[in-house]
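*Asks:* How does the following fold in three dimensions:
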Amino acid sequence: MNIRNCLPLLLLGASPAFAQGASKPPVATYWLSAETSSGLPMGGGAPSMGDMARMALGGGMSTSSRRMLLQLGSQKNAGADPTAEHQIPAGLNMGRALPLVTPQKAPAPPPASETEAPGGFERPKGRLLIFWGCGEQARAGQPLVIDFAKMASSQWPGGLFSRRLSLPTPPAPGRSRGYGDWPNDRDATRVPNEGSLQGDHLIQASYAPEIRFALDEHHDFLAPVELTVKKTEAAAMNVSWNSIANATGYFASVMGSKEGGEDMVWWTSSNSKEFGEQFFDYLPNAEVARLIKEKVLLPPATTECAVPAQVVAAAPQALLRFIAYGDEANFAHPPRPKDPKARWEPEWFAKARFKSTAFTPLMEAMPQPQEARPSPTDILPGGGAAGAVKGVLKGIFGF
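*Replies:* Predicted structure coming up:
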């Protein structure tokens, strides 16, 4: 088994429950999650040749995209014919309301004896080289080398996993008697890039109390991340980005290898040894502030970070992931009393959270005079700029 195939197993981590601080749980909980993304598809889909060419020529991806997830959970049973909707601001340009649909229960999986048994476990080959910290040169003691050939089958090195985070638990069908979400089978309208979440929001459901809140200019979709990668005289890669309005912090990581090699290279922008996979999810404001203080995340004033030359040399084919965290908004009715000892029984909680992500090859754009620069559609697959980006993807994922 090649290490790149088993890497997702190393990234799994538990998320502790979040204490709301109320005297008893609310009747209903509502989450609005809004993401802006740019670069390669995060879901695993391959980019088009035109997209790869644009990236290699310094033009970036042709567009960014937005995603939104709405989740309503209630202690009340949804009943046989539940109804729920989120009435949205006109500026979102998605109509009057979005339906929150209760998912149909999936059939139980067949017994294990009726399914095909997975093949025997194969010990991963190669090594995992872990680097961390911004700077043209890797610091003393790096990389941390994990040689899988020398490990016992049940032995995992200590300190490999990310640190524990204090994360809230979202509404989910298995945790809520009544539940509805969007997008769904009834409506999966694309979120327009020009829309805005600013304004009044109203959630009405047959199985939950009415929920009202308003979002201002500080709580809206974040701007797309625009990354620029330039090779330095020290053979490092300097990554810079646009300052994102309302961002509370940043984090970056690089994953790569050499084509045909079995070693996998992992780097993060953290000042300390950190795997950091779970940092690419939404994080509460308090956790972002804590992790910035501990120098795990980059402060919001930061606009550049150098990937060390040793990382670039060990992983000529590499992908860069980046996230900007937005300011989270939380609402409750009735509001939390000023007296911390006072009994508080909120009827509902609502949360709006935001992030902006980017996923791109760690490679310098190919400079060319404007008059000599070909159109991305003129670059043939497998050659020139598009071939360079395709080589990065092939070196890491094998396609």
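
*Asks:* Which pLDDT value belongs to the closest residue in space to residue 82 that isn't next to it in sequence?
*Replies:* The shortest distance from residue 82 to any non-neighbouring residue, by CB to CB, 6 or more residues apart in numbering, is to residue 102 (4.8 Å). Where you see a C-beta, it was placed from the backbone N, CA and C, and this is true even at glycine. Looking at residue 102, its pLDDT is 97.

*Asks:* got it, and residue 217?
*Replies:* 98.

*Asks:* Residue 340 too?
*Replies:* Residue 340 is given a pLDDT of 85.

*Asks:* secondary structure class for it?
*Replies:* coil (DSSP: H, G, I helix; E, B strand; the rest coil).

*Asks:* now do residue 313
*Replies:* Following three-state DSSP, residue 313 is assigned to helix.

*Asks:* From residue 253, how far off is the spatially closest residue to it that is not a sequence neighbour?
*Replies:* The shortest distance from residue 313 to any non-neighbouring residue, by CB to CB, 6+ apart, is to residue 235 (7.0 Å). Here the criterion is CB to CB, to the nearest Å. By it, residue 235 lies 20 Å from residue 253.

*Asks:* Next up, the contacts around the residue nearest to residue 313.
*Replies:* Contacts for residue 235 (CB atoms under 8 Å, 6 or more residues apart in numbering) come out as 309, 312, 313.

*Asks:* and the residue nearest to the second one when sequence neighbours are not counted, how far is that from residue 362?
*Replies:* What it means is residue 312. Excluding the flanking residues, the one nearest residue 312 by CB to CB, 6+ apart is residue 237, at 5.4 Å. Distance of residue 237 to residue 362, given as CB to CB: 6 Å.

*Asks:* who touches both of those two?
*Replies:* In terms of CB under 8 Å, 6+ apart, residue 237 and residue 362 are both contacted by the residues 229, 307, 312.

*Asks:* Nearest to residue 274 among these?
*Replies:* Lowest distance from residue 274 to the shared contacts of residue 237 and residue 362 (CB to CB) belongs to residue 307, with 14.8 Å.

*Asks:* Hmm, residue 256 and the closest one touching each other?
*Replies:* No - taking contacts as CB atoms under 8 Å, residue 307 lies outside contact range of residue 256: 9.8 Å.

*Asks:* before we move on, back to that, count residues in the vicinity of the residue nearest to residue 312, would you?
*Replies:* Residue 237 has 22 neighbours, counted by other CB atoms under 10 Å.

*Asks:* try residue 233
*Replies:* If you count neighbours by other CB under 10 Å, residue 233 ends up with 7.

*Asks:* Just the pLDDT at it, thanks.
*Replies:* Listed pLDDT for residue 233 reads 98.

*Asks:* List the contacts of it.
*Replies:* Listed by CB under 8 Å, 6+ apart, the contact set of residue 233 is empty.

*Asks:* try residue 330
*Replies:* 349, 350, 351, 352.

*Asks:* and the first one, what element?
*Replies:* When secondary structure is defined by DSSP states H and E, residue 349 falls within strand 348-361.

*Asks:* Pull up the gap between the residue nearest to residue 313 and residue 136, please.
*Replies:* Distance from residue 235 to residue 136, counting by CB to CB: 8 Å.

*Asks:* Pull up the overlap in contacts between those two.
*Replies:* Common neighbours of residue 235 and residue 136, counting by CB under 8 Å, 6+ apart, are residue 309.

*Asks:* Tell me the secondary structure of residue 38, please.
*Replies:* strand.

*Asks:* ok, how many other residues are close to the nearest residue to residue 194 once chain neighbours are set aside?
*Replies:* Spatial nearest neighbour of residue 194, chain neighbours left out: residue 93 (6.7 Å); criterion: CB to CB, 6+ apart. Look at residue 93: counted by other CB under 10 Å, it has 14 neighbours.

*Asks:* my read: residue 203 touches residue 210, true?
*Replies:* Yes - using CB under 8 Å, residue 203 is in contact with residue 210, at 7.1 Å.

*Asks:* higher neighbour count, the two?
*Replies:* It is residue 203, of residue 203 and residue 210, that has more neighbours when counted by other CB under 10 Å, with 26 against 12.

*Asks:* Which element, helix or strand, includes the more buried one?
*Replies:* Residue 203 belongs to strand 199-205, assigned by DSSP H and E.

*Asks:* Give the other helices and strands that that strand contacts.
*Replies:* Packing contacts for strand 199-205, counted by 3 or more CB pairs under 8 Å, 6 or more residues apart in numbering; DSSP states H and E, involve strand 28-39, strand 65-74, strand 84-87, strand 208-215.

*Asks:* Can you add distance to residue 132 and give the ones you listed back as a markdown table?
*Replies:* Output for the helices and strands packed on strand 199-205, formatted as a markdown table (distance: least, CB to CB, whole Å):
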| stretch | distance to residue 132 |
| --- | --- |
| strand 28-39 | 22 |
| strand 65-74 | 29 |
| strand 84-87 | 41 |
| strand 208-215 | 36 |
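
*Asks:* which of those sits most buried?
*Replies:* Stretch with highest mean neighbour count among the helices and strands packed on strand 199-205: strand 28-39 (a mean of 23; mean count of other CB atoms under 10 Å).

*Asks:* ok, it: who's next to it in the sheet?
*Replies:* strand 65-74 (antiparallel), strand 348-361 (parallel) (DSSP bridges).

*Asks:* tell me the mean pLDDT for that strand?
*Replies:* When pLDDT is averaged along strand 28-39, the result is 97.

*Asks:* Keeping just the C-alphas, turn it into CSV.
*Replies:* The C-alpha coordinates for strand 28-39 follow below in CSV (Å, rounded to 0.1, in the frame of the first residue of the first chain):
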residue,chain,number,x,y,z
ALA,A,28,-34.3,24.1,18.2
THR,A,29,-30.8,24.7,16.9
TYR,A,30,-30.0,26.2,13.5
TRP,A,31,-26.7,26.4,11.6
LEU,A,32,-25.9,28.4,8.5
SER,A,33,-22.5,27.5,7.0
ALA,A,34,-21.2,29.6,4.1
GLU,A,35,-18.0,28.8,2.2
THR,A,36,-16.2,30.6,-0.7
SER,A,37,-13.8,28.3,-2.6
SER,A,38,-11.2,28.8,-5.4
GLY,A,39,-8.7,26.7,-7.2
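
*Asks:* Alright, I will stop here.
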